[in-house]
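**Q** what's the 3D shape of this:
(chains A and B)
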Amino acid sequence: MSSALSRRNILKLAGGSALGFLLSPMPWKMLDDISIWTQNWSWIPKLRRGPVTHKYTSCTLCPNACRVNARMISETPVSLWGAPDPCVGHSYLCSVGLAGHHLAYHPSRVRNAHRFTATENGISSEQLSVEDAIAHIAKILHNIHVRPEEGEFALFDCRPHGMVSDIQQIFLSHVLGARYIVPDHHEGRFMRALMEMTEDPGQSYGLDFSRTRTLLSFGVSLFEGWGISPLVVEQFRSRREEFNIIQIDHHQSSSSIVADTHIAIKPGTEMALALGLAHVIVGERLYDPASAARAVDLKRNKPFSFMDLTRRFPPGRVASVTGIPEDVIVRTAREFASNRPATAIADDFAPAELIHSVWILNHLVGATGKNGSVVQKRPLPQPWKGAHRTPPTRLRNVPDHSLRLLMIDASAADTTVSWPDLRRKMRAENATIVLCSPYRPKRGESVDYLIPIHAPYETVRANPSGEYVATSAFQISTPLWSKSEEGCETWQILQRVVSASGAMTKEEFAQLEPEELLRLQCDAIFNSKRGTIHHPNNDETIPLGSVLSSGDFYATLMEGAAWSDDGVATSTNGRLFLMGKSTSSAQRFAESVLAFDNAGIDSNPSFPLLVVPVGEDVAARFGHVSPILSKIYQESDLKPRSRFAYLHHETARRFKLAAEQRVIIHSPHGATEAIVRCDSSVRPDTVQLSVSQLDAISPTRPRIINSYGGRVYTDQPIFVRIERARS
Amino acid sequence: MNSGRLSFLAGLVGMLLIGWVFFPSLLYQKEPQPLQFSHAVHTGEAVGMTCDNCHTFTADVRSMAIPRLSNCKECHSEVLGESEAEKRLVDEFVAHDREIPWRTYSRQPDNVYFSHIQHVQIAEIECERCHGSHGKSETLTDRQINRISGYSRNIEGQIIPGLRFKAWDRMKMDDCSDCHDERGASNSCLKCHK
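**A** Below you'll find the predicted structure:
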């Protein structure tokens, strides 16, 4: 017995117990269960349990205003899906839209106003009430009013579209010298360019793909982005066999993979291809005779007719410039001109001369003013037709160092603005930037005040349709949560700032609530007695005329219905101006074509590779995406990273480089480091770089980043050479 | 056998007993069902019912409903037979129109989206694939809830180390993804974690 209690025996007992413990399920099961337990602590939000319902609303993340079917559990949205849409047939949500209900819970979300101050240790932030922040800003505005020489006051509207932009312009008209700034490029630029080439004043146009047989896309993100994609996706789904897509893209995008034909083009030569196609269509008389008769400058014009210009772009020459075989150019032109209705489209953010050239192709094949192509539409009825508004100024036209106070409306998630470009417009001293956003500013966004506004789906928002759809439409983005007392909208902050500064002279908009604003818009539509209302609950469409009152109309829209305008009888008799309606626009187009014709896009032997910049859209936007999507993007390698240079295998071999090797990219203006990634989808004579790498190798600004598809346009082509970095 | 080996074996066997026998009974809290019920009687030849006679789809068609009292009342408005459970059913629940607070064995955690209609009607998977012979059981066992994780033992697996010998032994994520692989269904994260 004494031996059983010896130290040795106790140790052996412990050893046996330890082995038994390890051979039992106890430690392993405990590890598993405790890891689950740590995910279920009391402070971690729990999904609610309760009745499952569906709520119809619309997405405000981009101007497309997609219809949304929200699956709700106990009045909380848990998933979003596309819903039937009177304009496009059916909305299909993009990846950002699918997780739009996460944005209210984003880690960067703020509920209080903040003041940021630069200190020796960086930026310090101080929390203050919205009222105090507004009082401070109003004081600055008052000083500007008293001493205009101190600089200007401006509002930067990230998405100038619809009644909210209207009311902001009206408020600003009460402030002497105030500017209303809009981005240099934004959605709808492609459609608006058409007005410079037709005779119909005041008409809007939309795209009707319902019968289109050939879609010629010059680098448009048809599937992977925002903008035009809802129109294309629905036709692609419902008429795949007869909807022929030709995608002209300098890299292998999602659109080029899905398209029937991908024409890989040398970056920056798209305009030459468009004019080369026009050359074939005109030369082989494949054009639409009626349209040709309407085009006043097809054969005769001073100093150049359109035919004078296209003569400079025969297929052989275009082939050498674009890197596309001559027979492909001729075949594409014939297919586009013969398989009608046909429509050519370009990116909203593309150079103006490319957009112009693409419209010329549409005119030649008679697409303009035809059902199944480009149709006329009436604008949305406006509530304040005669009100005085501050006219918009493009950011690039604002004089440098002229602004003393800038308010930024960052409620739109789709805006891409270079922060250094914006900062350059501010005065060197005493400049104040106020960001109105639901989220904290990102790194590099040096703002002085942050005032929180509602996140998507937290409040009612007017949601007019995008520029592309064939008829005007209007819906209300109704909140998915019960109304929050916190937060407001940028126009309300602007209203309070302007009122508190003493600049507002009229009381007509004082204390206007978002619902009242929407009612005014509904009144304007209701009084027009046009269009139909589509209710997704029963997929039923009724004429607006059958609705008894404006109040009933408003209530129907609040239930998730959408109003869409009647189509208009398209006039096909107006004159067309292929070179441009005004003398200045015709001259500008001719000059840019001739300049391209003379200079081409030849590389310097010392810098043989052309840079294809690709946007990191998440980093470049004011808006935010759900953290879960950011994680998926980061882990899946879907988006190019800023530290990599993507090369074709042939290019890598030519420069004696291998994958994962550190390299230095030299341009005439500077150099940057990167790691080589080999990708057969990159053209052999190009290198694909992230937009953030351009600062070191190209001083040219501004550059335009299209958040709808991560495409980047630079004012000048950038040529580089690549060398191995010395270790 | 010397005393040293004996001590070692005592420690080993003692801990194995604790780990394999006592630990599971400590880990899982047993919750008896409010009423005994024989699936075998109902699905047997005499009555001939099928699972979906009582377990219908819920209003959102995602889940199979636990039968309501109204289902039972269709046949049991009066006492049928002589069993104690039958008497309690009528006296305590039917007579007072009080729902039976059944305890669910197989509820997936909140972070899992599982649609019964997708699996039963579209993929045509038999109930037995996941629930085994539950439909032929004579009695209802106690529901066992893990005191730490809060999960039901039917989800975590009846065999304590989490081994699976039959398809219905466990209903964890690996089991779902294995079945999805076998049938060529998507294994995307967002398929189940919406």
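**Q** OK, contacts around the closest residue to A:I34 other than its chain neighbours?
**A** Excluding its sequence neighbours, the residue lying closest to A:I34 (Cβ to Cβ, 6 or more residues apart in numbering or on different chains) is B:I148, at 6.2 Å. Every C-beta, even on glycine, is put in place using the N, C-alpha and C of the backbone. Neighbour list for B:I148: A:30, A:33-34, A:36-37, B:27 [criterion: Cβ atoms under 8 Å, 6 or more residues apart in numbering or on different chains].
**Q** following the helix or strand containing A:I542, which helix or strand comes up?
**A** Following DSSP states H and E, the helix or strand that holds A:I542 is strand A:540-543. On the C-terminal side of strand A:540-543, the closest following helix or strand by DSSP H and E is helix A:550-558.
**Q** mind giving me the packing neighbours of that next one?
**A** strand A:473-477, helix A:514-528, strand A:532-535 (3 or more Cβ pairs under 8 Å, 6 or more residues apart in numbering or on different chains; DSSP states H and E).
**Q** quick one: secondary structure of A:N64?
**A** Put simply, A:N64 is coil when judged by DSSP: H, G, I helix; E, B strand; the rest coil.
**Q** wait, what's in contact with it?
**A** Contacts of A:N64 by Cβ under 8 Å, 6+ apart are A:226-227, A:229-230, A:465-466, A:468.
**Q** what lies in contact with whichever strand or helix holds A:M307?
**A** Taking DSSP H and E as the definition, A:M307 sits inside helix A:306-310. The contact list for helix A:306-310, computed with Cβ under 8 Å, 6+ apart, reads A:275, A:278-279, A:282, A:295, A:297-299, A:301, A:360, A:578-579, A:590, A:593-594.
**Q** and stretch A:230-239, by the same measure?
**A** So stretch A:230-239 is contacted by A:64, A:66, A:85, A:88-92, A:207, A:209-210, A:212, A:215, A:222-223, A:243, A:245, A:258, A:466, A:468-469 (Cβ under 8 Å, 6+ apart).
**Q** drop anything exposed from those.
**A** Using 16 or more other Cβ atoms under 10 Å in any protein chain shown as the burial test, the contacts of stretch A:230-239 include A:64, A:66, A:85, A:88-89, A:91-92, A:207, A:209-210, A:212, A:215, A:222-223, A:243, A:245, A:466, A:468-469 as buried.
**Q** which ones among those residues map onto helices?
**A** Nothing among those maps onto helices, per DSSP state H.
**Q** ends of stretch B:123-136, what's the gap?
**A** This stretch, stretch B:123-136, spans 23 Å end to end (Cα to Cα, to the nearest Å).
**Q** correction: stretch A:667-683
**A** Start-to-end span of stretch A:667-683 (Cα to Cα) is 19 Å.
**Q** so, low pLDDT: which residues of chain B?
**A** Within chain B, the ranges that satisfy pLDDT under 70 run B:1, B:59-62.
**Q** in it, which residue is most central in space?
**A** Centroid check for chain B by Cα atoms, centre = their mean gives B:Y105 as the closest residue, at 3.4 Å.
**Q** dump the residue contacts of that residue.
**A** Counting by Cβ under 8 Å, 6+ apart, B:Y105 makes contact with B:134, B:143, B:152, B:154.
**Q** now it: closest residue in space that isn't a chain neighbour?
**A** What sits nearest to B:Y105 in space, not counting adjacent residues and going by Cβ to Cβ, 6+ apart, is B:N154, at 4.4 Å.
**Q** quick check: mean pLDDT of whichever strand or helix holds A:I36?
**A** Counting by DSSP H and E, the element that carries A:I36 is helix A:26-37. If you average the pLDDT over helix A:26-37, you get 92.
**Q** by contact count, what packs against it?
**A** In terms of contacts (3+ Cβ pairs under 8 Å, 6+ apart), helix A:26-37 is packed against helix B:23-27.
**Q** need the residues that contact the helix it packs on.
**A** A:24-26, A:29, A:33, B:146-148, B:160.
**Q** buried ones only from these, please, as a ChimeraX command.
**A** Selecting the buried subset of the contacts of helix B:23-27 in ChimeraX, with 16+ other Cβ under 10 Å as the burial test, is done by:
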select /A:24,25,26,29,33 /B:146,148,160
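**Q** dump the residue contacts of the residue of chain B found nearest chain A.
**A** Going by Cβ to the nearest Cβ, chain A is nearest to B:G19 of chain B, at 2.1 Å. Residues near B:G19 by Cβ under 8 Å, 6+ apart: A:20-21, A:23-26.
**Q** who's in contact with the residue of the stretch 451-600 of chain A with the smallest separation from chain B?
**A** Nearest to chain B in the stretch 451-600 of chain A, going by Cβ to the nearest Cβ, is A:L480, at a distance of 15.3 Å. Contact partners of A:L480, counting by Cβ under 8 Å, 6+ apart, are A:55, A:57, A:70, A:72, A:77, A:101, A:457-458.
**Q** now do A:G560
**A** A:55-58, A:83, A:475, A:478, A:535-537.
**Q** and A:G227, by the same measure?
**A** Contact analysis of A:G227 by Cβ under 8 Å, 6+ apart lists A:62, A:64, A:187, A:220-221, A:347-348, A:466, A:468, A:708-709.
**Q** over to A:S24?
**A** Contacts for A:S24 (Cβ under 8 Å, 6+ apart) come out as B:15-16, B:18-20, B:23.
**Q** ok, and the closest non-adjacent residue to it?
**A** Excluding its sequence neighbours, the residue lying closest to A:S24 (Cβ to Cβ, 6+ apart) is B:G19, at 2.1 Å.
**Q** look at that neighbour and give its secondary structure.
**A** Three-state call for B:G19 (three-state DSSP): helix.
**Q** so which bits of chain B are right by chain A?
**A** Chain B comes close to chain A at residues B:3-16, B:18-20, B:23-24, B:27, B:59-60, B:62, B:110-111, B:146, B:148-151, B:160-162, B:194, as judged by Cβ under 8 Å from any Cβ of the partner chain.
**Q** now, of those, which are buried?
**A** Applying 16+ other Cβ under 10 Å to those flags B:3-4, B:6-8, B:10-12, B:15-16, B:18-20, B:23-24, B:27, B:146, B:148-149, B:151, B:160, B:162 as buried.
**Q** restricted to strands, list these.
**A** Counting by DSSP state E, the part of those found in strands is B:N146.
**Q** and the contacts of A:G227, which is closest to A:D421?
**A** A:D348 (18.1 Å; Cβ to Cβ).
**Q** what are the phi and psi angles of that closest one?
**A** With angles defined as degrees, to the nearest 10, A:D348 sits at phi -60, psi -30.
**Q** ok, it to chain B distance?
**A** 30 Å (Cβ to the nearest Cβ, to the nearest Å).
**Q** of the contacts of A:L480, which is the most crowded?
**A** Highest neighbour count within those: A:T57, with 28 neighbours (other Cβ atoms under 10 Å in any protein chain shown).
**Q** helix, strand or coil for it?
**A** Assignment for A:T57 (three-state DSSP): strand.
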